[in-house]
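*Asks:* Sharing a model that was predicted from the sequence below.
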Amino acid sequence: MQYKVEVVNSSTFPERLSSLIEIYQNIFAEPPEFQQWSNSDLEQILSSYLKMGKLAVAIAPDHQVVGFCASIPFKGSKLWKSSALFSNNSVSLSADFFQECFQIDVENLDYIADLGVVKAFRHQGVGTQLMKAISALKEQPTLLRVSVCRPEAYALYYKLGFRDMGVKQWAEYRRIDGTIKPSEKILMFRFSAGTDFS
Ligand SMILES: CC(C)(COP(=O)(O)OP(=O)(O)OC[C@H]1O[C@@H](n2cnc3c(N)ncnc32)[C@H](O)[C@@H]1OP(=O)(O)O)[C@@H](O)C(=O)NCCC(=O)NCCS
């Protein structure tokens, strides 16, 4: 299927927003997580990506958005200084933790905040191209968090050079049945050098 990848800016954001919200809601409402996101929460989240970092979308020939990916500085993400489990110990995701345990300087650390591709466009390289478009990944050490119940996302990240750090979290999401339930997450990290996106 044909598509083009575009980095969103403040002029194109308004025209992309409603299509972006719609596919975001549909993608994350799928099994296994059945998440429910309100329009207003998503408008706020997506605008924050634009303000703080980079947001890319994949566009089909009919102008519909069929995928999205966002990166922001780690220190601007909700993970910054949040608690997590590392080697069965409770830790804070602080500058000291990343420095002492992984020799990672958080000042230049990017965080992949979101990635999604509509079903009909999966397994065609859209996710990979979106990651490439937002990230300048070749230059920047990058962190992300993935649900353990999403092996297809884990496989993609692994292929792109991300590795499990052994850091776990549980994130709570509102589900389409109205309940709020936790999902188990792991952190993955990729050093800047040596990843081939060709
Ligand atoms: C994870 C997700 C974004 C991947 O998107 P995608 O567009 O399918 O990703 P890609 O096509 O780049 O890569 C996925 C697979 O397609 C393969 N692929 C890439 N280009 C291809 C091509 N031209 N033809 C056929 N297959 C291709 C890749 O090799 C990879 O296969 P593999 O997993 O068997 O190794 C998508 O499955 C998704 O939206 N899932 C639901 C939301 C989600 O999990 N988001 C991540 C939350 S952390």
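*Replies:* Cool, the structure landed.
*Asks:* ranges for the strands of the chain?
*Replies:* Listed in chain order, the strands of the chain (DSSP state E) span 4-7, 54-59, 65-73, 83-86, 89-92, 110-117, 142-147, 163-174, 180-190.
*Asks:* Include mean pLDDT when you put the ones you listed into TSV, please.
*Replies:* Compiled in TSV, the strands of the chain are given as follows (pLDDT from 0 to 100):
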stretch	mean pLDDT
strand 4-7	96
strand 54-59	97
strand 65-73	97
strand 83-86	98
strand 89-92	98
strand 110-117	97
strand 142-147	97
strand 163-174	97
strand 180-190	97
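*Asks:* Just put those in CSV and tack on mean neighbour count.
*Replies:* Where you see a C-beta, it was placed from the backbone N, CA and C, and this is true even at glycine. As requested, these are exported to CSV (neighbours: other Cβ atoms under 10 Å):
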stretch, mean neighbour count
strand 4-7, 14
strand 54-59, 23
strand 65-73, 24
strand 83-86, 15
strand 89-92, 11
strand 110-117, 24
strand 142-147, 22
strand 163-174, 15
strand 180-190, 17
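*Asks:* what does this protein put close to the ligand?
*Replies:* 27, 115-117, 122-128, 146, 150, 152-153, 155-156, 159 (Cβ under 6 Å from any ligand atom).
*Asks:* For the longest helix along the chain, the averaged confidence score.
*Replies:* Longest helix in the chain by number of residues (criterion: DSSP state H): helix 13-29. Averaged across helix 13-29, the pLDDT comes to 98.
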